[in-house]
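> next one to model:
(chains A, B and C)
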Amino acid sequence: MMDKALEVLERRLSRQLAASLETCVRCGICADSCHYYLADPRPEHVPAYRAELLRRIYRRHHDPVGRLFPGLVRARELDDELAEELIKSAYGTCTMCRRCVLNCPMGVDNGLIVRTARGMLAALGRVPKGLQDTVDVHLESGNNMAVSEEDFVETLEWLEEQLQDEVDDPEARIPVNQAGARVLYTLNPREAKYYPLTILAAAKVFYAAGESWTLSTRAWDVTNYALFNGDDEAAREIAGWLAQEAAELGVEEVVMAECGHGFRAFRWEGENWLGRSYAAPVRGFVELVAEYIRTGRIKLDPAQNPEPVTYHDPCNQARNGGILEEPRYILKHAVADFREMHPHGRENFCCGGGGGMMAMGEFAEGRLAAGRVKAEQIRATGAKVVATSCHNCLDQITELSKHYDLGIKVLNLCEVVAEAIILPGDRQ
Amino acid sequence: MPEIEYKGQKIEVDEDGFIQDPSLWNEELAEYLAKTEGIEELTEDHWKVIRFLNEYYHEYGIAPMIRKLCKETGFKLKYIYELFPSGPAKGACKIAGLPKPTGCV
Amino acid sequence: MEALRLGVILAAGVCLVGLWLRLRHFLSLPLARDLSRARGSARRGARYALTLGMMPWAKESTRKHALSYIRGVVFHLGIFAALVALVAALSGARPVGGSLLLAEVLVGAGLVAGIIGLLERLARPDLRALSTADDYVAVLVMDLVLLAALAWLRDPAAVGWFYALAIAMLVYIPLGKIRHCIFFFPARIFFGRHFGHRGVLPPAVGGGEAR
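Model (predicted):
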């Protein structure tokens, strides 16, 4: 019955994974790098403990000592009980933020281990429902909220009118399916469905920069929740759509909307899932905006954002994606009072909503409890606005604000930038 | 599965507070759910949004796009966010008895 | 005594064969290649991971738990010193003067660090929950070897104990977690290459570290 899960382990057992499974000496120094452990210091919240659950199975199958004397090294066959424990551990108390990886003296990749465990559970059909539904809807409809093409196009037309009002230019466009555009932009379906102001903000930035850009009606979803459910087949299929669309439109680059995991999935993992390189390079929206500012393509007036602002680094952009300097560069130009939280950058704490946690309601209580670390970090800055670059972080921090009474406003960077932008016509 | 007790009746909700069986929804339940979202009193404008969401869901089996909501109610986007501080998905849809949407909400 | 000496040499052979079998399994696995476009340099990341990245101030965990980390470093230095002492004993040499003192200090400090490590593992509930029998046995075996090495450094008559415990250690190395002595290197290099490729490590000046 568990064979399918074990097959996944065998298939994914690379030298990288094996090194991480072999090397841990269970020193436990990783414990308080994890926000779950800090909020509730239980043994099960030690990152190495989570990894041990998979290690037990690995030892049972790949360690002669584990095969002959399983008790000596706690080797264990995967059974229903262990699968249940894995679900609670790998899905329920880990956001795959990989903060513990950076903090491991040995370099053990707990993120890789947890995602492998998730992939094994996915093969057993035991992904928590909300997360699996999101992947399934994406595979069935082409985006993770089942937005129809007609609805999508209508929404973009409606937003185009608003853009024209906003920039006072009837020629302002939100281009769709433009072959040969320089940039293929992507969106998080929630933007089209519920929160279109970020689309408007990004369109305003592109307008001000005079960018040649386009959206696609065929492949436009920035997300890839298969990064989180651990299912490589699904991840490959979803990444493949966008890769193909970029090649067909012949764009110079693909720019990922402000979505932490979507950026990581397509920028860093996608080519490895597909087993081939993309036709065009991939960047995050933040990287592009920083370039616009640096090269003078957009001008900002920081006085438009007078309130104190701090920045939350999405784990999947910063620690797992290398986008460290750009958001700070942008904010220093876009707001009057920028304050760092501590720690930040690659060492930043996860907001608590990563790893698909927002889609798994059954773990909401632990998610909000573990978010206390982030809430305290934010409170200590005294900022009134938290800027971030991820819709998921934005939602979690908004919930944290409510739960911990932070009294803050949470915005995506594009909104902060759009507020500060000096339109070409207004430049004197 | 958590439950809410409402008028002596136990109603199943998911962990985020979305009711599990949309057929159990009624306007009094909406008032109750609104309070859990920090809305003390539902105004006529709230009801306009809630009724449209509920009817649309029963007709199409999915939540409408925010654009449709704006168009049908005649409200501006920002006004809808003001009406429902937890947002159209987690706030308005929940009160209107829709299930939790997939994706990043 | 000659029998024990030969025993040590034989055990060393067993140890090497055991480690080689482990390594062979490891090398039989595919190497995952990263096809994504580099933002930084995998090579620089790996170099960092093996050098400055090992410094106690390089990461939050070892800054917060500097004493624990240094305890671990002292333990390992003691082990290396004991291994050098073992080679010396086998070849009939003995350190004298300054090098004897240095060896005694390193091995003695390593022993103290090792005992503290064992006690810490027994005392902390989260470490106990994490531990397997191997975690206790491995440290215990090493502590005993350190003790025997120290005894031999102080009195050549203890060579029998030193040899006997060295045999136990050498046979145990490939069986338990002490084999991290070989896997540490690929793990650290993979780590460095991965984060180096993504431009996350090494940290640039002002790269957002907590200090």
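> for chain C, which segments are assigned as helices?
Remark: helices assigned in chain C by DSSP state H are C:2-27, C:42-50, C:60-64, C:66-90, C:97-123, C:125-130, C:133-154, C:159-172, C:180-197.
> and the closest residue to C:A49 other than its chain neighbours, what does it touch?
Leaving aside its chain neighbours, C:A49 sits nearest to C:G192 (2.7 Å; criterion: CB to CB, 6 or more residues apart in numbering or on different chains). Glycine gets a C-beta too; all of them are placed from N, C-alpha and C. Each residue near C:G192 by CB atoms under 8 Å, 6 or more residues apart in numbering or on different chains is listed here: A:107, C:42, C:45-50, C:53, C:201.
> which one of these is nearest to chain B?
Nearest to chain B among the contacts of C:G192 is C:L201, at 28.8 Å by CB to the nearest CB.
> who in the stretch 301-428 of chain A is up against chain B?
A:358-359, A:361-365, A:391-392, A:395, A:402 (CB under 8 Å from any CB of the partner chain).
> what subset of the residues you listed is buried?
A:358-359, A:361-364, A:391-392, A:395 (16 or more other CB atoms under 10 Å in any protein chain shown).
> in what helix or strand does A:V386 lie?
For A:V386, the host element (DSSP states H and E) is strand A:385-388.
> CA atoms only: put that strand into CSV for me.
Provided in CSV are the C-alpha atoms of strand A:385-388 (Å, rounded to 0.1, in the frame of the first residue of the first chain):
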residue,chain,number,x,y,z
VAL,A,385,2.8,49.9,6.8
VAL,A,386,4.3,46.5,6.0
ALA,A,387,5.4,46.2,2.4
THR,A,388,6.0,42.8,1.0
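> that one: what's the following helix or strand?
Downstream of strand A:385-388 (by DSSP H and E), the next one is helix A:391-403.
> quick check: mean pLDDT of the helix or strand harbouring A:I378?
Assigned by DSSP H and E, A:I378 belongs to helix A:372-381. Regarding helix A:372-381, the rounded mean pLDDT is 98.
> tilt between that helix and helix A:391-403?
Per axes from the mean of the first three to the mean of the last three CA atoms, to 10 degrees, the angle that helix A:372-381 makes with helix A:391-403 is 80 degrees.
> show me what helix A:372-381 is packed up against.
helix A:35-39, strand A:308-312, helix A:391-403 (3 or more CB pairs under 8 Å, 6 or more residues apart in numbering or on different chains; DSSP states H and E).
> who touches it?
So helix A:372-381 is contacted by A:35, A:38-39, A:308, A:310, A:312, A:339-342, A:349-352, A:386, A:396-397, A:400-401, A:403-404, A:406, A:408 (CB under 8 Å, 6+ apart).
> pull out the buried residues from that helix.
Result for helix A:372-381 [16+ other CB under 10 Å]: buried residues A:372-379, A:381.
> what of stretch B:42-54?
Going by 16+ other CB under 10 Å, stretch B:42-54 has these buried residues: B:42, B:46, B:48-50, B:52-54.
> let's have those in a markdown table, adding pLDDT, secondary structure and distance to chain C.
Shown next, in a markdown table, are those (pLDDT from 0 to 100; DSSP: H, G, I helix; E, B strand; the rest coil; distance: CB to the nearest CB, whole Å):
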| residue | pLDDT | secondary structure | distance to chain C |
| --- | --- | --- | --- |
| B:L42 | 94 | coil | 45 |
| B:H46 | 96 | helix | 43 |
| B:K48 | 96 | helix | 47 |
| B:V49 | 96 | helix | 42 |
| B:I50 | 96 | helix | 44 |
| B:F52 | 96 | helix | 45 |
| B:L53 | 96 | helix | 42 |
| B:N54 | 95 | helix | 45 |
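> max pairwise distance over those: which two?
Greatest spacing in the buried residues of stretch B:42-54, by CB to CB: B:L42 and B:F52 (13.8 Å).
> residue at max distance from the center of the chain?
Reading this off chain A. A:L68 (41.8 Å; CA atoms, centre = their mean).
> oops, chain C please
Centroid-distance maximum for chain C: C:R37 at 34.7 Å, with CA atoms, centre = their mean.
> for it, grab phi and psi.
phi -70, psi 140 (degrees, to the nearest 10).
> what's the closest non-adjacent residue to it?
That would be A:P281: by CB to CB, 6+ apart, it lies 5.7 Å from C:R37.
> which pLDDT value belongs to the closest residue to C:V139 other than its chain neighbours?
Spatial nearest neighbour of C:V139, chain neighbours left out: C:L118 (4.9 Å); criterion: CB to CB, 6+ apart. On the pLDDT scale, C:L118 is placed at 97.
> number of residues surrounding C:L118?
Using other CB atoms under 10 Å in any protein chain shown, C:L118 has 17 neighbouring residues.
> how close does it get to C:A129?
16 Å (CB to CB, to the nearest Å).
> roughly how far does the closest residue to chain A within chain B sit from chain C?
Closest contact between chain B and chain A, by CB to the nearest CB, is at B:E15 (3.6 Å). Separation of B:E15 from chain C (CB to the nearest CB, to the nearest Å) stands at 27 Å.
> next one: A:L368
From A:L368 to chain C the distance is 23 Å (CB to the nearest CB).
> leaving out chain neighbours, which residue sits closest to that residue?
Nearest residue to A:L368, sequence neighbours excluded (CB to CB, 6+ apart): A:H403, at 5.2 Å.
> for that neighbour, what are its contacts?
Contacts of A:H403 by CB under 8 Å, 6+ apart are A:368, A:371, A:375.
> how far away is the last one from chain B?
When distances are taken as CB to the nearest CB, A:A375 and chain B turn out to be 17 Å apart.
> the spatially closest residue to C:I70 that is not a sequence neighbour: neighbour count?
In this structure, C:I70 finds its nearest non-sequential neighbour in C:P56, 6.5 Å apart by CB to CB, 6+ apart. C:P56 has 16 neighbours, counted by other CB under 10 Å.
> for C:P56, give me the pLDDT.
So C:P56 comes in at 95 (pLDDT).
> who are the contact partners of residue 62?
Answering for chain A, as no chain was given. Applying CB under 8 Å, 6+ apart, the residues near A:H62 are A:13, A:18, A:21, C:25.
> that answer is for a different chain, and I need it for chain C
A:29, A:103, A:105, C:55-56, C:69.
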